[in-house]
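Student: only geometry, no sequence info:
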Ligand SMILES: [Zn+2]
C-alpha cells in the first residue's frame with residue numbers, strides 16, 4: 001500500500017513579510033516531493049499546531065498539546081501506512097512522544113530559524129507571490145536559550161534570524177536538502 005504523507009503545519013505569525021501558513025506551505029511542498037519520489041500519496045493537512053510560544057502576536061492560532069496529539073492519533077488510527085511531515089518546531093515534541101512515523105523538518109536542518117534566512121528563502125523559492133518583499137528587513141532578536149520560551153521575549157517583531165540574507169537560489173538548495181533528509185528520516 002502506498003504511504004500516506006500528512007503535512008502538519010501551524011497558523012502563526014511569521015513577522016511582517018511571511019504568511020501565517022508558512023510552516024504548512026513548506027511541509028506540503030516537502031510531502032509532495034517525497035510522495036513523487038516514493039510513489040506515496042499526500043493526504044489532508046493538519047493546518048494548526050501547537051503555537052503557544054507565539055500567542056502574544058495577533059492572528060496566531062494554537063491547539064493545546066492534548067488537542068494536537070488527539071488529532072494526530074485520530075489520523076493514525078484510520079490510516080495504517082502513514083507518515084507525518086511536520087514544518088513547525090512547536091509540534092516536534094508531541095510527534096516524538098507519540099512515536100508514530102514522522103519527520104520534523106525543523107530538526108533536520110540546523111539552525112532552523114523563524115521567518116529568517118531559511119524560512120524566507122524557502123518561501124521565495126516555493127511561493128514568492130506570498131512574500132511581502134518590501135517588508136524584508138533586519139530585526140533585533142536573540143536566539144531562544146531555554147525551554148518554554150516565548151517569542152516576544154526574544155524578538156518584538158516575531159522574527160528570529162536574518163531574512164535579508166534570503167534568496168530564491170538558497171531556497172531551492174535548502175528545499176532539496178530538506179527532501180533528501182526527510183526521505184532518510186522516513187527510512188528510504
Ligand atoms: Zn515557521
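Tutor: Arrived safely, thanks for sending. Remember, predicted model here, so these are calculated numbers, not experimental data.
Student: farthest residue from the center of the chain?
Tutor: Using CA atoms, centre = their mean, the residue of the chain lying farthest from its centre is residue 1. It sits 26.7 Å away.
Student: Could I get the contacting residues of the closest residue to it other than its chain neighbours?
Tutor: Of all residues not flanking residue 1 in the chain, residue 81 sits nearest, at 5.1 Å (CB to CB, 6 or more residues apart in numbering). Just so you know, the C-beta spots here come from the backbone N, C-alpha and C atoms, and that holds for glycine as well. Neighbouring residues of residue 81 by CB atoms under 8 Å, 6 or more residues apart in numbering: 1-4.
Student: okay if I get these as CSV plus pLDDT?
Tutor: Formatted as CSV, those follow (pLDDT from 0 to 100):
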residue, pLDDT
1, 80
2, 93
3, 97
4, 98
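Student: Out of the residues you listed, who's the most crowded?
Tutor: residue 4 (21 neighbours; other CB atoms under 10 Å).
Student: That one reaches residue 43, doesn't it?
Tutor: Yes. Using CB atoms under 8 Å, residue 4 is in contact with residue 43, at 4.8 Å.
Student: Mutual contacts of the two, please.
Tutor: 79, 82.
Student: What are the boundaries of the helices in the protein?
Tutor: 22-38, 65-78, 92-98, 105-108, 117-126, 168-185 (DSSP state H).
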